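Engineer: generate coordinates for the sequence data below:
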Amino acid sequence: MIWIAAILTLYALHFPHILADFPNHSPWMDYAKYTDEGWYANAAARFTLTGHWYRPGDFNPAVALPVWPVLLGILFHFTGVSLATARLLNLAILGINLLLSSLVLRTHAPRWVALLAITILAANPFLYAFSRLAILEQAVICLMLLTWWLALRLRAAEGKARPAVSLLIGALFCLMVLTKTTALLLTPSVLLLMAHACRFRRKPALRSIGIAAACAIGLWCAWYLLLIRPRFLADYEYFFQANRWPQPVGVAAHLAAYWWALHGLLWISPTLCIATLALLAVVATQFALVRHSAGRQGVLWRNPLAIASLLAIGGYVFLIGMQNHPQPRYYQIPIYPLTFLLALTTGELIRSAASWLRIAGAVATALIAGVCLAGTIRIAGYVRHPEYTWIRAATNLSRTIHEHSAPNTLLLSISGDEIQLMTHLPAICDDYGMWPLPDRLRVYKPAWYAAWNEIDDDVQAELEAQYSIHEVASFPAFDDPDRNVLRLYQLEPRSSGEHHVDDSHWPDKKSQDGEPIAERILVAPELVASRANLARP
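Structural biologist: Predicted coordinates:
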């Protein structure tokens, strides 16, 4: 009970100062803290504030990844639009993930191993920092762990229950992909667990996997064919184009990309990563030496959860290397299977018949305890010294705009959706959008622009073609020297009157009520800013 109380205390430390900055001067420089919370919540925020979730021509990630916006939309209906609400939802999912981690590990490990893994997760400063951002990874992990748990329990299902469990696995896997498409790389781990549950017998395994696959593919196709292809195909394709990164050239460059993807695991904790690798090497050596002996030798390699964890880590590292874009936030997903491997390996060594292996397990346990203690001290430091530079900057920016008493408060900014989530200020994104920026400027006519530190030359040229730009204020925020001052500019149109709008970019030229959108916008250009939120496909 004392151990469980300690874990609950560690989890409770995640909640104070929910609106504080992502820890400044941490080793995890990730631009998600500037933008991602707003991007993935923009559909839910727009729907709650205006009644319409979709904004033509702007960045609409909910088209490709609808699960998180739907959850937030339901919650915002009762609480109103709030960054705190979004972050609290993510922390609630973190709590579910800790519980699911215990359930998953208890299927193939004793209770103390499950508690050890949960302690590692709850005391990890990396997971603390990123789980307090309202981004997609914790929701993906929740669905992954649910899928794993059902797959591990599939063997116990009998008769008609087994097809039902397989169907549920398929449905959850589809939701996981609709939460974040990169979850496809977790497929091998799910297939392995399902095949193991069927004792690797061909017909039962193929039957269960076939049912799950048919359910997942059927649900995805229904969503795509009934909703995306008829109305939002251009936005859907744009989302994946926007997430393409420059690819390395040559074999050496490709190998370097995968090396840096693997190296990124050290963001989680260098000590834990090295300890896991060392313990796996010890277990592998022990298995090689006694592989012909009887007993429990080498049982770790017969543990499906250990193999599934290796597959999940390998799949995600492969994806990050293939994208050539290692970012700290991506490693929230590998931290769970990595922790499972560490806990399972430690437990196997402690239960080993060989005394030298038990000693190695005891040393590993002491090392883990030291890492968890150091992590707890670090988390306590974050709790004791919160910083509020970002919420203060967004609030002051919004206040400055409203103090000008201008009827048009529409903000153009890469962090616009994040600011909207915090202050309800209407915003569109300047960096991402299905239409070229000049077209979005003509249609939506933003009156304000916010940039970090300075305006990019390309953006400035496009803005100056239609507006005069005047800096109004600046607000310090965060710690990155390249993005630590949010500058607010007022945009004054160079000329008045109607503008020609290239409506070839519109995915659907009529609104749901049958009125042509382009014509409706051109009727009263001076009302575009106030009506921009009302545009719908």
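
Engineer: tell me the secondary structure at residue 451.
Structural biologist: strand (DSSP: H, G, I helix; E, B strand; the rest coil).

Engineer: give the contact list for it.
Structural biologist: 413-414, 459, 486-487, 489 (C-beta atoms under 8 Å, 6 or more residues apart in numbering). Glycine gets a C-beta too; all of them are placed from N, C-alpha and C.

Engineer: and those, which two are the farthest apart?
Structural biologist: Across the contacts of residue 451, the longest distance by C-beta to C-beta is 15.0 Å; it joins 459 and 486.

Engineer: who's more crowded, those two?
Structural biologist: Higher neighbour count among residue 459 and residue 486: residue 486, with 25 against 16, using other C-beta atoms under 10 Å.

Engineer: which residues touch the more buried one?
Structural biologist: Taking C-beta under 8 Å, 6+ apart, one finds 393-394, 397, 415, 450-452, 474-477 in contact with residue 486.

Engineer: restricted to strands, list those residues.
Structural biologist: Counting by DSSP state E, the part of the contacts of residue 486 found in strands is 450-452, 474-476.

Engineer: which among those residues count as buried?
Structural biologist: Among the ones in strands among the contacts of residue 486, those buried by neighbour count (16 or more other C-beta atoms under 10 Å) are 450-452, 474-475.

Engineer: redo the residues you listed as CSV? Include distance to residue 331 and pLDDT.
Structural biologist: Compiled in CSV, those are given as follows (distance: C-beta to C-beta, whole Å; pLDDT from 0 to 100):
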residue, distance to residue 331, pLDDT
450, 30, 97
451, 29, 96
452, 24, 96
474, 33, 96
475, 30, 97
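
Engineer: which of those residues lies closest to residue 111?
Structural biologist: residue 452 (48.4 Å).

Engineer: okay, which residue is most central for this structure?
Structural biologist: By C-alpha atoms, centre = their mean, the mean C-alpha position of the chain lies nearest to residue 136, the distance being 2.6 Å.

Engineer: just the buried residues of the lengthiest helix in the chain, please?
Structural biologist: Longest helix of the chain, by residue count under DSSP state H: helix 355-384. Residues 357, 360-361, 364-365, 367-368, 371-372, 375-376, 378-379, 382-383 are the ones in helix 355-384 that count as buried (16+ other C-beta under 10 Å).

Engineer: closest to residue 172 among the ones in strands among the contacts of residue 486?
Structural biologist: Using C-beta to C-beta, the shortest approach to residue 172 within these belongs to residue 452, at 38.3 Å.

Engineer: need the contact list for that closest one.
Structural biologist: Residue 452 neighbours (C-beta under 8 Å, 6+ apart): 34, 414-415, 482-487.

Engineer: which PyMOL command selects the buried ones in these?
Structural biologist: Selection of buried members from the contacts of residue 452 for PyMOL, criterion 16+ other C-beta under 10 Å:
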select buried, resi 34+414+415+483+485+486+487
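
Engineer: quick one: which of the contacts of residue 452 sit in strands?
Structural biologist: 485-487.

Engineer: got the confidence number for residue 502?
Structural biologist: Listed pLDDT for residue 502 reads 42.

Engineer: before we move on, what about residue 509?
Structural biologist: For residue 509, the predicted pLDDT is 39.

Engineer: and if you look at the one 3 residues further on?
Structural biologist: We have a pLDDT of 36 for residue 512.

Engineer: what residue ranges in this structure score low on pLDDT?
Structural biologist: 286-299, 496-537 (pLDDT under 70).

Engineer: try 50
Structural biologist: 293-296, 497-537 (pLDDT under 50).

Engineer: now do the strands in it.
Structural biologist: So, for the chain - with DSSP E - the strands run 411-413, 427-428, 448-452, 467-476, 485-493.

Engineer: what is the neighbour count of residue 99?
Structural biologist: Neighbours of residue 99 using other C-beta under 10 Å come to 13.

Engineer: hmm, I typed the wrong one, I wanted residue 354.
Structural biologist: The burial count for residue 354: 13, using other C-beta under 10 Å.

Engineer: give me the phi and psi for it.
Structural biologist: With angles defined as degrees, to the nearest 10, residue 354 sits at phi -80, psi 130.

Engineer: so how far is residue 369 from it?
Structural biologist: 23 Å (C-beta to C-beta, to the nearest Å).

Engineer: related to what we said a few turns ago, could you dump the ones in strands among the contacts of residue 452 to a markdown table with distance to residue 119?
Structural biologist: Shown next, in a markdown table, are the ones in strands among the contacts of residue 452 (distance: C-beta to C-beta, whole Å):
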| residue | distance to residue 119 |
| --- | --- |
| 485 | 40 |
| 486 | 38 |
| 487 | 44 |
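
Engineer: from those, pick the one nearest residue 232.
Structural biologist: residue 486 (31.3 Å).

Engineer: who does the closest one form a beta bridge with?
Structural biologist: When bridges are called by DSSP bridges, residue 486 pairs up with residue 452, residue 475.

Engineer: how far away is it from residue 473?
Structural biologist: Taking C-beta to C-beta, one finds residue 486 at 9 Å from residue 473.

Engineer: which residues do these two both contact?
Structural biologist: residue 397.

Engineer: which pair in the buried residues of helix 355-384 spans the largest distance?
Structural biologist: Every pair of those checked by C-beta to C-beta; the farthest is 357 and 383, at 38.4 Å.

Engineer: start to end distance for stretch 408-428?
Structural biologist: Start-to-end span of stretch 408-428 (C-alpha to C-alpha, to the nearest Å) is 13 Å.

Engineer: got the CA positions of stretch 68-79 in CSV?
Structural biologist: Extracted in CSV, the C-alpha atoms of stretch 68-79 (Å, rounded to 0.1, in the frame of the first residue of the first chain):
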residue,chain,number,x,y,z
TRP,A,68,-8.6,13.9,-30.2
PRO,A,69,-10.7,16.8,-31.5
VAL,A,70,-13.9,14.8,-30.9
LEU,A,71,-12.9,14.1,-27.3
LEU,A,72,-12.0,17.7,-26.7
GLY,A,73,-15.2,18.9,-28.4
ILE,A,74,-17.3,16.8,-26.0
LEU,A,75,-15.4,18.1,-23.1
PHE,A,76,-15.5,21.8,-24.3
HIS,A,77,-19.3,21.5,-24.5
PHE,A,78,-19.4,21.3,-20.7
THR,A,79,-16.4,23.3,-19.7
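
Engineer: what does it rub up against?
Structural biologist: 40-45, 47-48, 53, 62, 82, 85-86, 89, 134, 136, 139, 179.

Engineer: tell me the buried residues in it?
Structural biologist: For stretch 68-79, using 16+ other C-beta under 10 Å, the buried residues are 68-73, 75-76.

Engineer: can you check stretch 204-218 too?
Structural biologist: So for stretch 204-218, counting by 16+ other C-beta under 10 Å, buried means 204-205, 208-209, 211-213, 215-216.

Engineer: any idea which of the strands of the chain gets closest to residue 256?
Structural biologist: strand 448-452 (28.9 Å).

Engineer: just the CA trace of that closest one, in PDB.
Structural biologist: Only the C-alpha atoms of strand 448-452 are listed here, as PDB (Å, rounded to 0.1, in the frame of the first residue of the first chain):
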ATOM      1  CA  TRP A 448      -3.200  41.300 -36.800                       C
ATOM      2  CA  TYR A 449      -0.100  39.300 -37.200                       C
ATOM      3  CA  ALA A 450       2.100  37.700 -34.500                       C
ATOM      4  CA  ALA A 451       5.600  36.200 -35.200                       C
ATOM      5  CA  TRP A 452       8.300  34.800 -33.100                       C
END
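
Engineer: fine by me, we can end here.
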